[in-house]
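Undergrad: here is my input, please return the structure:
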Amino acid sequence: MSHAQPAPTPSPADDTDAAAALVERFLVASMIPDPETAATFMAADVAITFTGGRKFSHPRDATAFNAMRYKWVKKKMERTDVAPGDGETVVYNTGTLYGEWPDGTPFEGNRYVDRFVVRGGKIVKMDVWNDSAERLLTQKGIEA
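TA: Here you go, the predicted model:
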């Protein structure tokens with residue numbers, strides 16, 4: 001007679017590993033850019049806030065914004081840190097941006113921090129910060 005064993009309860013490490021992998025897959029899709037695939041990693045009511053407090057509700061909005069800001073841009077992902085919470089996991093992805101400004105001038109080493117809140121296997125919140133504005137000010141000779 002066999003007794004069914006209960007399914008193992010996921011550990012917080014499982015949750016944090018899954019959240020980190022989800023965020024990294026989202027970022028890869030975003031860099032293609034493939035906003036429709038990127039959206040599959042996000043909740044339907046996701047809240048996206050970019051630098052300068054710009055609010056978006058879909059990755060296609062962020063892609064359109066980046067198309068105005070850069071000729072092209074990619075991320076050199078250097079680190080992903082996770083913090084488990086009660087029913088959610090916060091994921092930080094940090095590294096540098098590289099690409100070309102709209103005039104074709106190349107850049108690299110532009111620091112970024114992306115913060116994600118993952119709940120129920122989906123990204124529900126994304127906050128983005130980077131040094132693009134600082135770099136543009138420096139190019140204009142403004143050291144404020």
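
Undergrad: now the helices for the protein?
TA: With DSSP state H as the criterion, the chain has helices at 12-31, 35-39, 59-69, 132-139.

Undergrad: hmm, residue 107 and residue 97 touching each other?
TA: Yes: between residue 97 and residue 107 a contact is recorded at 7.5 Å, counting by CB atoms under 8 Å. (Each C-beta comes from the backbone N, C-alpha and C, glycine too.)

Undergrad: returning to that earlier point: comparing the helices of the chain, which gets the lowest mean pLDDT score?
TA: Lowest mean pLDDT within the helices of the chain: helix 132-139, at a mean of 82.

Undergrad: what sits up against that one?
TA: The contact list for helix 132-139 (CB atoms under 8 Å, 6 or more residues apart in numbering) reads 51-52, 69, 97, 101, 107, 110, 143-144.

Undergrad: and what of stretch 17-35?
TA: So stretch 17-35 is contacted by 37-38, 40-42, 58-60, 62-63, 66, 74-75, 77, 80, 82, 89, 91, 93, 114, 116, 118, 121-123 (CB under 8 Å, 6+ apart).

Undergrad: how does it look with 6 Å?
TA: 37-38, 41, 59-60, 63, 74-75, 80, 82, 89, 91, 93, 116, 118 (CB atoms under 6 Å, 6 or more residues apart in numbering).

Undergrad: likewise stretch 98-112?
TA: With CB under 6 Å, 6+ apart, stretch 98-112 has contacts from 70-74, 96-97, 130-131, 135.

Undergrad: report the buried members of those.
TA: 70, 73-74, 96-97, 130-131, 135 (16 or more other CB atoms under 10 Å).

Undergrad: centroid-nearest residue for the protein?
TA: residue 114 (4.8 Å; CA atoms, centre = their mean).

Undergrad: if I read this right, it contacts residue 95, doesn't it?
TA: No: if you go by CB atoms under 6 Å, residue 114 and residue 95 don't touch, sitting 8.9 Å apart.

Undergrad: now do residue 45 against residue 39, distance only.
TA: Applying CB to CB, to the nearest Å, the value for residue 45 to residue 39 is 12 Å.

Undergrad: more crowded one of the two?
TA: residue 39 (18 against 9; other CB atoms under 10 Å).
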